[in-house]
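Student: pasting the sequence and the predicted coordinates here, then a few questions.
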Amino acid sequence: MTNKYDFTGINILISEDEPTLVELYKEYLLDTNCNLIFFDLDKKSDILKIISDNNVNIVIMDIRLTNNYDGHDLIKKIRKKYKDLVIIALTSLSSEKDIEKSIKRGANYHINKPIDKDILLNGVKLYSQI
């Protein structure tokens with residue numbers, strides 16, 4: 001049986017501060033052949049440098065982060081430099097206003113937590129073909 005999600009050649013940067021969710025996303029994306037890169041919030045890394053150094057195609061961004069990071073601010077920062085980079089916002093903030101804010105800041109797609117595997121993979125599939 002072939003895998004319906006084949007993201008060979010796709011570099012995905014994940015920005016998530018909750019270790020259990022990092023492991024869940026790894027599990028969801030394990031059999032898709034993508035290359036996963038993780039934004040380490042503890043190291044105060046430069047997200048723009050990580051994107052550039054790793055030829056990132058898709059960013060999966062948690063909105064509510066720790067360590068003085070704000071996902072919306074990071075999306076805005078990314079969007080200023082990378083106009084065409086795909087950004088998928090993930091958050092427990094699910095009101096219409098929250099979704100609108102993610103899109104206005106530059107996200108292409110907004111997924112509410114808890115994350116459904118098929119919704120995440122279908123979002124990556126849709127935007128990896130752009």
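Tutor: Looks like it came in fine. Numbers count the residues shown, from 1 in each chain.

Student: and the most centrally placed residue in the chain, helix, strand or coil?
Tutor: With distances taken as C-alpha atoms, centre = their mean, the residue of the chain nearest its centroid is Ile60 (0.2 Å). The assignment at Ile60 comes out as strand when based on DSSP: H, G, I helix; E, B strand; the rest coil.

Student: list the contacts of it.
Tutor: Residues near Ile60 by C-beta atoms under 8 Å, 6 or more residues apart in numbering: Ile12, Leu13, Ile14, Ser15, Glu16, Tyr25, Ile88, Leu90, Leu120, Val124. From N, CA and C alone the C-beta is placed, and that goes for glycine too.

Student: isn't there a helix covering the first one?
Tutor: No. Residue assignment for Ile12, taken from three-state DSSP, gives strand, which places it outside any helix.

Student: beta partners for it?
Tutor: Ile12 forms beta bridges with Leu36, Ile58, as assigned by DSSP bridges.

Student: just to revisit the earlier point, now, the contacts of Ile60 that are in helices?
Tutor: When the contacts of Ile60 are checked against helices (DSSP state H), the matches are Tyr25, Leu120, Val124.

Student: what's the closest of the residues you listed to Thr8?
Tutor: Proximity to Thr8 was ranked across the ones in helices among the contacts of Ile60 by C-beta to C-beta; first place goes to Val124, at 12.5 Å.

Student: and Asp98, how many residues sit next to it?
Tutor: Neighbourhood size, Asp98 [other C-beta atoms under 10 Å]: 17.

Student: tell me the pLDDT at it?
Tutor: pLDDT for Asp98: 89.

Student: got phi/psi on it?
Tutor: The phi and psi torsions at Asp98 (degrees, to the nearest 10) take the values phi -70, psi -40.

Student: show me what contacts it?
Tutor: Residues counted as contacts of Asp98 (C-beta under 8 Å, 6+ apart) are Ile63, Thr91, His110.

Student: give me the angle between the strand or helix carrying Leu74 and strand 58-62.
Tutor: According to DSSP states H and E, Leu74 maps onto helix 71-81. Interaxial angle, helix 71-81 versus strand 58-62 (axes from the mean of the first three to the mean of the last three C-alpha atoms, to 10 degrees): 160 degrees.
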